[in-house]
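Q: Model the following, please.
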Amino acid sequence: MRAERVVGPAFFLEPMELSPQEMTAEIQRRVAALGYELVDLRRRAMRNRVALQIRVDRPEASPGHGITVDECAAVSRALESWLDESQVLGLRYVLEVSSPGIERPVRWREHWERFTGRDVNVRLPGRGRLRARIVAVRRVNEMDEIVLRPENGTGEITVPLEDARDATLVVDWSAIDWSSADTADGRRVKEKS
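A: Down below sits the predicted model:
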């Protein structure tokens, strides 16, 4: 006897299976199509579902001129539609879309390149958490490396990009005037000239 596969409504379709890299690339593409930038993506398993935490921003945002709550909601609605249809996370999931905040994550090569010359707080194997200036990003033998100058003045260190964990930009609080621009949580912020 020959079995026939019947495809019904979207909720009966088999879920897509994507690797973490494919999932990141697909979400980056979808967020970019909405005019925003994917800043960070974290996936964690919960008891009966998956939680997907996404941080998005405007591509050239500066402190105090980032994404709003309404923009985060629009991105969330667009991603929910795709996640529901594709079932890439299954039928039960939690989606959190938010601003990267003022201490923006520095996660992917393009972030490290964009913020060359800025200070970051970063966790490195064998060194723990340190504050350092991003000096350069380069590709050596098919591997991305970052050159950092720790604030303690020990010279420059070169580490594989994949070893840099939990990196965030260091905020220059003296350059921020908290009185004039909107933030996602409703505060007004303005960067000093």
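Q: pLDDT (mean, whole number) over the helix ranked longest in the chain?
A: In the chain, with assignment by DSSP state H, the single longest helix is helix 69-86. Averaged across helix 69-86, pLDDT comes to 93.
Q: how far is it from where the chain is centred?
A: Distance of helix 69-86 from its chain centroid, counting by CA atoms, centre = their mean, to the nearest Å, is 16 Å.
Q: So which residue is smack in the middle of the chain?
A: For the chain, residue 40 is the residue whose C-alpha lies nearest the centre (CA atoms, centre = their mean; 1.2 Å).
Q: just to revisit the earlier point, pLDDT averaged over whatever helix or strand comes next after the longest helix of the chain, what's the number?
A: Sequence-wise, the next helix or strand downstream of helix 69-86 (DSSP states H and E) is strand 93-98. Averaging pLDDT along strand 93-98 yields 93.
Q: What of stretch 172-190?
A: The model assigns stretch 172-190 a mean pLDDT of 56.
Q: how far away is residue 169 from residue 136?
A: Distance check for residue 169 against residue 136: by CB to CB, to the nearest Å, it reads 17 Å. Backbone N, C-alpha and C define where each C-beta goes, glycine included.
Q: Looking at those two, which is more packed in?
A: Using other CB atoms under 10 Å as the criterion, residue 169 and residue 136 rank with residue 169 on top: 20 against 15.
Q: Low-confidence regions, this structure specifically.
A: The model of the chain has pLDDT under 70 over residues 1-16, 62-64, 174-193.
Q: Now do the buried residues in the longest helix of the chain.
A: Judged by neighbour count (16 or more other CB atoms under 10 Å), helix 69-86 contains these buried residues: 71-72, 74-76, 78-79, 83.
Q: need the residues you listed in a markdown table with distance to residue 126, can you?
A: As requested, the buried residues of helix 69-86 are exported to a markdown table (distance: CB to CB, whole Å):
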| residue | distance to residue 126 |
| --- | --- |
| 71 | 40 |
| 72 | 37 |
| 74 | 42 |
| 75 | 37 |
| 76 | 39 |
| 78 | 41 |
| 79 | 37 |
| 83 | 38 |
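Q: Considering those residues, which is situated nearest to residue 51?
A: If you rank those by distance to residue 51 using CB to CB, residue 83 comes first, at 12.1 Å.
Q: which residue sits closest to the closest one in space, ignoring its chain neighbours?
A: The spatially closest residue to residue 83, leaving aside those adjacent along the chain, is residue 89, at 5.7 Å (CB to CB, 6 or more residues apart in numbering).
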